[in-house]
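> just need the structure, nothing else, for what follows:
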Amino acid sequence: MDVVLIAHGLALLIAAIAAVTDWRTGEIPNWLTLPPLVVAPVVYGIMNGIWGAIFCIAAIAVSGLVPYLLFRRGAAGGGDVKLFAAIGAIAGMEVGIEVQLVTFMAAALISLGRLAWHGKLFKTLANSMFLGLNPVLPQRWRREVAPELMTMVRLGGFAFVGTFVALYLRHPMPWG
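A predicted model of the protein is given here:
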């Protein structure tokens with residue numbers, strides 16, 4: 001069996017389990033995300049030598065960077081960071097970045113649709129604009145954004161969708 005297909009299947013399985021646990025408990029457990037972060041560099045190191053381990057560690061860093069920055073700003077959870085890093089570790093840097101792109105696009109689309117449905121889209125967009133612009137605006141133009149108007153989005157389900165789409169585009173018919 002192809003090693004890449006096994007790695008991609010494992011990444012999809014981890015994303016699926018993360019989606020279910022995030023949906024049920026609001027958390028992505030460490031027992032799911034930490035082992036790939038340790039085991040993947042060792043396995044890739046054994047398979048491809050020192051460069052395999054180095055590229056795997058680089059994939060962890062690159063795949064976890066944007067979610068980590070979001071985590072530092074309070075816009076994502078720590079489990080999301082570890083999930084994206086684990087997917088990158090297993091499936092590679094390119095897939096890790098693609099998974100993030102599709103995940104954030106899906107989360108944004110659904111979140112905007114949900115806000116529009118509840119009639120809160122324009123107020124939320126205005127608050128988001130001021131969150132981004134406040135640091136560069138003169139003091140008199142800044143607007144305080146109430147913390148209760150900000151909410152986190154659980155990314156576990158979206159990460160599964162992102163992983164599925166990214167991997168499907170690479171293997172449109174894995175059974176054929």
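
> name the residues that touch stretch 84-91?
Contact with stretch 84-91 is made by 7-8, 10-11, 14-15, 32-34, 36-37, 40-41, 56, 59-64, 66-67, 95-97, 99-100, 103, 159, 163, 167, as judged by Cβ atoms under 8 Å, 6 or more residues apart in numbering. Glycine gets a C-beta too; all of them are placed from N, C-alpha and C.

> go again with 7 Å.
If you take Cβ atoms under 7 Å, 6 or more residues apart in numbering as the criterion, stretch 84-91 is touched by 7-8, 10-11, 14-15, 33, 36-37, 40-41, 56, 59-60, 62-64, 67, 96, 99-100, 163.

> just how off-centre is the helix or strand of the chain with the lowest mean pLDDT within its chain?
Within the chain, confidence by mean pLDDT, DSSP states H and E is lowest for helix 121-133 among all helices and strands, at a mean of 79. Helix 121-133 has its C-alpha centroid displaced from the chain centroid by 22 Å (Cα atoms, centre = their mean, to the nearest Å).

> packing partners of it?
helix 93-117 (3 or more Cβ pairs under 7 Å, 6 or more residues apart in numbering; DSSP states H and E).

> returning to that earlier point: after the least confident helix or strand of the chain, next one along is what?
helix 156-170 (DSSP states H and E).

> which parts of that following helix are buried?
For helix 156-170, burial by neighbour count (16 or more other Cβ atoms under 10 Å) applies to 156, 157, 158, 159, 160, 161, 162, 163, 164, 165, 166, 167.
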